[in-house]
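Enquirer: Sequence below, structure please.
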Amino acid sequence: MSRLNVSTKTLVVQPIIALAILSSSAAVYAGFNHQSWDNLLNKHVTMTNGGKASVVNYAGMQADKSKLASYLEATSKVSQAEFNRWSKNEQLAFLINVYNAGTVDLVLTKYPNIKSIKDIGGLFGSPWKQEFIPLLGKTRSLDDIEHNLIRGSKRYNDPRIHFAVNCASIGCPALQDDAFTGRGLDSQLEQATAKFLSDGSRNNFKGNTLRVSPIFKWYKSDFESNWRGTKNLEGFLGRYSSSLGMNKAQTADLNQGKIKISYTDYNWNLNKK
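Expert: Next up is the predicted model:
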């Protein structure tokens, strides 16, 4: 009788323990909830030119500064150990969102008395080198997040991040009106890249010359990093030839190095509404 009782209890308890373990595991690997940042983007970012660009209502962001501060405070509490347990996509989405939220936060320190984010750095400083974002155990700059945590780690090796991180400028790829998520990251990056390249004011093909954003000059090595088998800039641009308005023959010429690549000007004026 006693043996039957023990066996019955075991049968009852084991599923409960298993369920608890699964629930705990799901919580650990769920990543970070970016809903509050998503709400701010939905409310204060307006996509323009068919989604190829965007403008930010910084006055509205200023009015909601406490919500932005709460989001950044929450992200600052994520430990390195917790971050390490997330998937690559969860990690990268997290870093991109923190970078973009940090950029807005930095602009608000001087808004409305600036015409460009570059005004924040002054003559001898750089807004991107200011250390003001508590993240993963350190107070970091925007440069640290982008060039060390995202690019420098070589963990993510995805050149499309350049169309996701936003520098608060008209020349920069659009600040999206929703937050990046681990689950949707690949499609979000793909859409952001295609939309940016289809913007004729920043990337265009005419005659035998392809004029593209200087982003491709500044970070050329990222586009030659063998991402999905792409080993040179021509190959990367060729993947998005339809967005650039190129036909199959022109794309073939591009891949064979027969198309001249030059660079457009970059507009550093604030992307304000």
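
Enquirer: Check whether Pro58 really touches Lys272, as I assumed.
Expert: Check again: residue 58 is Tyr, not Pro. Yes. Here Tyr58 reaches Lys272: they are 5.4 Å apart, a contact under Cβ atoms under 8 Å. All C-beta atoms are positioned from the backbone trio N, CA, C, and that covers glycine.

Enquirer: The two: which is more packed in?
Expert: Neighbour count, other Cβ atoms under 10 Å: between Tyr58 and Lys272, Tyr58 has more, with 20 against 16.

Enquirer: Can you name the residues that contact that one?
Expert: Tyr58 makes contact with His44, Val104, Val107, Leu108, Tyr111, Pro112, Leu270, Lys272, Lys273, according to Cβ atoms under 8 Å, 6 or more residues apart in numbering.

Enquirer: now swap in Ala174 and tell me
Expert: Met47, Gly51, Lys52, Ala53, Ser54, Asn166, Ala192, Lys195, Phe196.

Enquirer: Who wins on neighbours among these?
Expert: Among these, the one with the most neighbours (other Cβ under 10 Å) is Phe196, at 25 neighbours.

Enquirer: how far away is it from Lys77?
Expert: 33 Å (Cβ to Cβ, to the nearest Å).

Enquirer: With Tyr266 instead?
Expert: On the measure of Cβ to Cβ, Tyr266 and Lys77 end up 36 Å apart.

Enquirer: Comparing these two, which residue is more hemmed in?
Expert: Between Tyr266 and Lys77, Tyr266 has the larger neighbour count (other Cβ under 10 Å), namely 16 against 9.

Enquirer: Tyr134 should be in a helix, yeah?
Expert: Actually, residue 134 is Pro. It isn't Tyr. No. Per DSSP: H, G, I helix; E, B strand; the rest coil, Pro134 lies outside any helix segment and is strand.

Enquirer: ok, it touching Ser76?
Expert: Yes. Counting by Cβ under 8 Å, Pro134 touches Ser76, with 3.8 Å between them.

Enquirer: After the least confident helix or strand in the chain by mean pLDDT, which helix or strand is next? Please name it.
Expert: Least confident helix or strand, the chain: helix 2-28 with a mean of 39, by mean pLDDT, DSSP states H and E. Using DSSP states H and E, the helix or strand that follows helix 2-28 in sequence is helix 35-44.
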